[in-house]
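A.B. asks: pasting the structure only:
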């Protein structure tokens, strides 16, 4: 089973990214998946969590994800107050929206770090600093359990028509940049 924890801020689409990944894996990728948020009465901009589980057999665990294979950080400022590495499995991957290189965040050989300037990509393509789909594209580039095509199909199925093309474009750009090593792979 692959378990992914998404760190974001309320209103910035962290749960949407978790849900899109789950849909891509289950509907278009021949896996079983769960996607769920963890938040309470937080206001817009407050730290929130999203979770995705993906497996090749039915998933019976419906608890919060405590240990994970991937941690995706949509807003680098969260690193100032949250230990995002808590629960990251040995050999896991930490993916951070940052202009800084991965070595600025790595203090152990127990996990891999990738960074990408998802904010600039989102501003360029979407016109707003909402990084969820850029980070989803980056995750697909470093993960081995869901395809880019499956994510693009999930966007077509679940996003309003007027948002689909721009979000598909930002997913592809992030995926390609991370795959090509142009942004801190």
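C.D. replies: Perfect, thanks for sending it. Since this is a predicted model, take the numbers as computed values, not measurements. Numbers count the residues shown, from 1 in each chain.
A.B. asks: And the pLDDT for residue 60?
C.D. replies: Predicted confidence (pLDDT) for residue 60: 95.
A.B. asks: Likewise for residue 41?
C.D. replies: Listed pLDDT for residue 41 reads 57.
A.B. asks: going forward, begin numbering at 34 instead of 1
C.D. replies: Let's use 34 as the start, then, which means that last one is residue 74.
A.B. asks: Can you point out the buried residues in the lengthiest helix in the chain?
C.D. replies: Taking DSSP state H as the criterion, the chain has its longest helix at helix 194-213. Within helix 194-213, the residues scored as buried using 16 or more other CB atoms under 10 Å are 199, 200, 201, 202, 203, 204, 205, 206, 207, 208, 210, 211. C-beta coordinates here come from the backbone N, C-alpha and C atoms, glycine included.
A.B. asks: which intervals of the chain have sub-threshold pLDDT?
C.D. replies: Within the chain, the set of residues satisfying pLDDT under 70 comprises 72-76, 215-218.
A.B. asks: Can you list the residue ranges for strands in it?
C.D. replies: Using DSSP state E, the strands assigned to the chain run over residues 35-42, 65-71, 80-88, 101-106, 121-130, 144-149.
A.B. asks: could I get those as TSV with mean neighbour count and distance to residue 192?
C.D. replies: Supplementary listing: the strands of the chain in TSV, determined by neighbours: other CB atoms under 10 Å; distance: least, CB to CB, whole Å:
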stretch	mean neighbour count	distance to residue 192
strand 35-42	24	17
strand 65-71	18	15
strand 80-88	22	16
strand 101-106	25	19
strand 121-130	19	20
strand 144-149	22	21
